[in-house]
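# task: produce atomic coordinates for the following.
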Amino acid sequence: MNDALHLIAGQVTDAPGLPLTHEPVAADQVVAGSPTTGYVRLDRDESTGRTVGVWEMTVGAMRDVEAAEVFVVLSGDATVEFEEPALPAIELRPGSIVRLEAGMRTIWTVRETLRKVYVAP
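Take a look at the predicted model:
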């Protein structure tokens, strides 16, 4: 992760083009393939704790326990299955907007590298 903040008032940040450093997904989270993830924090409001960032996952599948966030998919193709709570699976494509609650248990299956912009409280 890069802790440098990338949002500067009055300037454009190219979220789809931001370079991200990827790391392999922990073995106990991998469901299929050899996925990697990377992210960069774009902005953080210290008074509220709100964070904005870009996150990416390569092809493969992984289990995760979610943090509270809202995200918009910039690129890629994936399915998110909800193990807990049991909810219908969702399909993610560019333009998808999703809200996740802290503690949700999910399985992310990425067919084409997925990149999203997220806002976490």
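
# go through the lowest-mean-pLDDT helix or strand in the chain and flag the buried ones.
Least confident helix or strand of the chain, by mean pLDDT, DSSP states H and E, is strand 36-44 with a mean of 93. Judged by neighbour count using 16 or more other Cβ atoms under 10 Å, the buried positions of strand 36-44 are 36-42, 44. C-beta here means a position set from N, CA and C on the backbone, and glycine is covered the same way.

# which strands and helices lie in contact with that strand?
For strand 36-44, the contact count by 3 or more Cβ pairs under 8 Å, 6 or more residues apart in numbering; DSSP states H and E identifies strand 22-24, strand 51-57 as packing neighbours.

# what's the most buried one of these?
strand 51-57 (a mean of 21; mean count of other Cβ atoms under 10 Å).

# output the helix or strand following that one as PDB - backbone C-alpha positions only.
Sequence order places strand 60-65 as the next helix or strand after strand 51-57, per DSSP states H and E. Presented in PDB, the C-alpha positions along strand 60-65 are these (Å, rounded to 0.1, in the frame of the first residue of the first chain):
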ATOM      1  CA  GLY A  60      -9.100 -15.900  -9.000                       C
ATOM      2  CA  ALA A  61     -11.300 -16.400  -6.000                       C
ATOM      3  CA  MET A  62     -10.900 -15.500  -2.300                       C
ATOM      4  CA  ARG A  63     -12.900 -15.400   0.900                       C
ATOM      5  CA  ASP A  64     -13.100 -12.100   2.900                       C
ATOM      6  CA  VAL A  65     -14.600 -10.500   5.900                       C
END
